[in-house]
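> Model the structure of this input:
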Amino acid sequence: MNERRLPRTVRVLTGLGAALFWAVLLLLMFPVGLPLPDAIVLAILLVAMPVFALAQLPLVDDRPIDRLPAYWGSIATLWLIGTACWLTGAREDGPAAIGVVGVPPGRLLAWSLGLTLAGLGVMVVFRQFARSIGADESPMLRQLLPRTPQEKGVFALLSLAAGVGEEIAYRGYAIPVIATFLGVPAAAVLTSVVFGVLHGYQGLLGTVRTALMGGILAWGFLASGSLLPAMVAHTLIDLVAGLVLADWLLPTEDPATDPQSETG
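Numbers count the residues shown, from 1 in each chain. Here you go, the predicted model:
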């Protein structure tokens with residue numbers, strides 16, 4: 001029976017996460033004065049999701065990952081959290097409350113392209129830095145790269161779900177709500193840091209890289225006055241990085257070492 005117990009790290013993270021969740025929830029409800037729906041959703045975004053992301057890392061470790069179920073599970077989670085944040089954030093003032101407002105086509109194209117290039121630029125810089133110090137990406141990130149045509153198709157859907165769901169949650173919803181009691185700069189920084197931790201499976205460098213990219217997307221959202229450019233850019237960054245530049249940004253291991261790769 002002891003062999004089936006969760007690793008100590010997972011149990012500690014889960015316990016601390018549960019305590020922190022309730023502490024943040026009560027803090028948001030009473031001293032801050034947020035309505036219950038906002039307090040619950042914000043506590044989930046800031047505590048529950050990043051803690052869950054970190055707690056699951058020891059469970060998978062270097063074990064083979066079945067990519068398709070992982071993709072579909074992430075897609076479902078992203079749409080769920082995005083929908084919850086949409087319904088909560090737009091319940092009084094409509095979609096504009098979470099930044100979903102129209103943008104002239106030319107302006108949308110310019111902002112989306114600029115944010116996409118900036119995000120990909122961060123990836124390139126971090127890849128060069130990692131090479132210069134002899135660091136490598138996390139084994140989990142390597143395993144999550146799509147290999148087969150079917151995986152690439154589902155990965156494209158995952159990119160769309162991330163671009164829409166994560167932007168609604170961590171930019172469109174969280175920043176305006178947090179800004180009411182911490183101010184806009186602190187809200188942008190806090191959500192970007194949490195966004196990086198949420199991607200802890202990418203390792204330390206990947207976490208910092210993702211946090212910086214979150215900061216870029218947050219700036220794009222605030223400066224453009226609309227969430228749409230960040231949504232488009234986030235989707236394109238994931239698509240280009242995962243389907244086009246993956247072999248350069250993250251050279252894959254020998255297929256013989258990957259139990260899930262297909263060799264033709």
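> tell me the domain ranges of this protein?
Listed by automatic domain parsing, the domain ranges of the chain are 1-61, 71-257.
> how far out from the middle of the chain is the longest one?
It refers to domain 71-257. Distance, stretch centre to chain centre, for domain 71-257: 5 Å (Cα atoms, centre = their mean, to the nearest Å).
> give me every residue that touches M29.
By Cβ atoms under 8 Å, 6 or more residues apart in numbering, the contact list for M29 reads L36, A39. From N, CA and C alone the C-beta is placed, and that goes for glycine too.
> And it, its phi and psi?
For M29, the backbone dihedrals are phi -80, psi -40 (criterion: degrees, to the nearest 10).
> Also S138?
Per-residue torsions, S138: phi -70, psi 150 (degrees, to the nearest 10).
> What residues does the nearest residue to D136 once chain neighbours are set aside make contact with?
In space, and not counting its chain neighbours, D136 is closest to A130: 6.8 Å by Cβ to Cβ, 6 or more residues apart in numbering. Neighbouring residues of A130 by Cβ under 8 Å, 6+ apart: D136, E137, L205.
> picking that back up, possible to save the domains of the chain as JSON lines with mean pLDDT?
Listed next are those as JSON lines, based on pLDDT from 0 to 100:
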{"stretch": "domain 1-61", "mean pLDDT": "88"}
{"stretch": "domain 71-257", "mean pLDDT": "92"}
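> what number of residues lie near L25?
20 (other Cβ atoms under 10 Å).
> Which strand or helix spans the residue lying closest to it once chain neighbours are set aside?
What sits nearest to L25 in space, not counting adjacent residues and going by Cβ to Cβ, 6+ apart, is A43, at 4.3 Å. Element membership of A43, judged by DSSP states H and E, is helix 36-43.
> ok, now T88?
helix 67-89.
> hmm, back to that, neighbour-wise, which one of the contacts of A130 leads?
Among the contacts of A130, E137 has the most neighbours (other Cβ under 10 Å), with 19 neighbours.
> which SS state does that residue fall under?
coil (DSSP: H, G, I helix; E, B strand; the rest coil).
> Phi, psi for it please.
Backbone torsions of E137, given as degrees, to the nearest 10, read phi -70, psi 170.
> list the contacts for it?
A130, Q202, G203, L205, G206, L250.
> Helices of the stretch 1-150 of the chain, start to end?
8-29, 36-43, 49-55, 57-60, 67-89, 105-132, 139-144, 149-166 (DSSP state H, counting those that start in this stretch).
> now swap in the stretch 151-264 of the chain and tell me
174-182, 184-198, 203-224, 228-239, 246-249.
> mind listing what A161 touches?
The contact partners of A161, by Cβ under 8 Å, 6+ apart, come to S74, I75, L78, W79, G82.
> For the third one, grab the count of nearby residues.
To tie it back to what came earlier, the one meant is L78. Neighbour count of L78, defined by other Cβ under 10 Å: 20.
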